[in-house]
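Enquirer: model the structure of this input:
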Amino acid sequence: EVNPSPVAPINLDNIEVCDTNANNQDGVMTVDLTVRTPDALAQQPLPASNYTVEYYTTEALAEDGDFPIINTTNYSASNG
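Expert: As a prediction, the model looks like this:
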């Protein structure tokens, strides 16, 4: 059985947040990375249940499958 490869999503909106925590000048904010997961899965050739979504800090780590982000719903992101 051969399944089609996943498709890199081409129509995903950025995840944008304002630095509104207790230290609102440090450029660090908690982000829910999973808010775009349904959009990415909707662009795949097979049903969403056929896929596992992981998040990485760099493309190189993603390609190697090394060090996925574990806390995807409460990720501490920095400016840039």
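Enquirer: helices along this structure, start to end?
Expert: Taking DSSP state H to define them, one finds helices in the chain at 37-42, 59-64.
Enquirer: check the ones you listed for me and report the most buried one.
Expert: Most buried of the helices of the chain by mean neighbour count (mean count of other CB atoms under 10 Å) is helix 37-42; its value is a mean of 14. Where C-beta positions appear, they are placed from N, C-alpha and C, glycine not excepted.
Enquirer: wait, which of the helices of the chain is closest to residue 23?
Expert: Proximity to residue 23, assessed across the helices of the chain by CB to CB, is greatest for helix 59-64 (27.5 Å).
Enquirer: which strands or helices does the closest one pack on?
Expert: Here helix 59-64 touches no other helix or strand, going by 3 or more CB pairs under 8 Å, 6 or more residues apart in numbering; DSSP states H and E.
Enquirer: now the protein, which segments are flagged as low pLDDT?
Expert: Applying pLDDT under 70 to the chain flags the ranges 80.
Enquirer: for residue 2, which of the helices of the chain is the nearest?
Expert: In terms of CB to CB, the element of the helices of the chain nearest to residue 2 is helix 37-42, at 20.2 Å.
Enquirer: can you map out the strands along this structure?
Expert: Per DSSP state E, the chain carries strands over the ranges 28-31, 75-78.
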